[in-house]
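Asks: Got a predicted structure here, sequence first:
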Amino acid sequence: AQSVTQLGSHVSVSEGALVLLRCNYSSSVPPYLFWYVQYPNQGLQLLLKYTTGATLVKGINGFEAEFKKSETSFHLTKPSAHMSDAAEYFCAVSPRGGYQKVTFGTGTKLQVIP
Amino acid sequence: GAVVSQHPSRVICKSGTSVKIECRSLDFQATTMFWYRQFPKKSLMLMATSNEGSKATYEQGVEKDKFLINHASLTLSTLTVTSAHPEDSSFYICSARRPGLSGEKLFFGSGTQLSVL
């Protein structure tokens, strides 16, 4: 079975500050890992994903995440927060090779303070 | 990128009525679509996997007679909430799996906010 834990349901950062959203996963084999962003009353948009290869993954809007197998983590970072980054972020995991059973974390709401 | 259209975006209905939500893949054929439910301040919960031309596979605890899923074509899956009750009020999101070996595979609709009075 696979699961995802997102530490912190709410994170507040000042505009221009570093964004760090934490995600830890549990899976019997290395899975595929994703970060999605959800704006109010909208669906999910893929920020980035890790499937194989380089463990530092760059996504859209300046976000990146690093897959650390030893720590079973996939934390999302952005060097400088922008007001438009305020949204809910979901970490997700799926079995390797398939997109059938995507399991989502409980989400982290990012607030950006001007 | 690929587009998944979900309609309606918001619906308010009376208790006891049925509501149909459509999920369309606009520029690819999706043999597999997924339906999620999102409770306020909670994560997305997979309700069922919809396969074109066959019966949907429901997750444990999801009432298949309550949430009817039809995937009649390669570009359309529908979720019908039958005899809706206030506890069915939620945000429902579909996603479609794009086949092929390259590129992104999973695309999400923009969601449907269902409010049952």
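Replies: Received the coordinates, thanks.

Asks: What about contact with chain A: does the least confident helix or strand in chain B by mean pLDDT have any residue there?
Replies: Ranked by mean pLDDT, DSSP states H and E, the helix or strand of chain B with the weakest confidence is strand B:106-108, at a mean of 87. Yes - counting by CB under 8 Å from any CB of the partner chain, chain A is contacted by strand B:106-108 at B:106, B:108. All C-beta spots, glycine's among them, are computed from the backbone N, C-alpha and C.

Asks: what lines up beside the next helix-or-strand element following that strand in the sheet?
Replies: Elements were assigned by DSSP states H and E; along the chain past strand B:106-108, the next helix or strand is strand B:112-116. The partner list of strand B:112-116 in its sheet, established with DSSP bridges, is strand B:10-13 (parallel), strand B:90-97 (antiparallel).

Asks: Quick check, residue B:116 in contact with residue B:82.
Replies: No - applying CB atoms under 8 Å as the test, residue B:116 and residue B:82 come out as separate, 11.7 Å apart.

Asks: which one of these two has more residues nearby?
Replies: Taking other CB atoms under 10 Å in any protein chain shown, residue B:116 and residue B:82 do not tie; residue B:116 has more neighbours (20 against 15).

Asks: ok, what's across the strand from the more buried one?
Replies: Under DSSP bridges, the residues paired with residue B:116 across the bridge are residue B:13.

Asks: One more: residue B:69?
Replies: residue B:79.

Asks: Near chain B, which residues of chain A? Just list them.
Replies: Contacts of chain A with chain B, taken as CB under 8 Å from any CB, map to A:9, A:36, A:41-46, A:49, A:90, A:99-107.

Asks: Could I have the buried ones of these as PyMOL selection syntax?
Replies: Typed into PyMOL, the next command selects the buried ones out of the residues of chain A next to chain B (criterion: 16 or more other CB atoms under 10 Å in any protein chain shown):
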select buried, chain A and resi 36+42+43+44+45+46+49+90+99+102+103+104+105+106+107
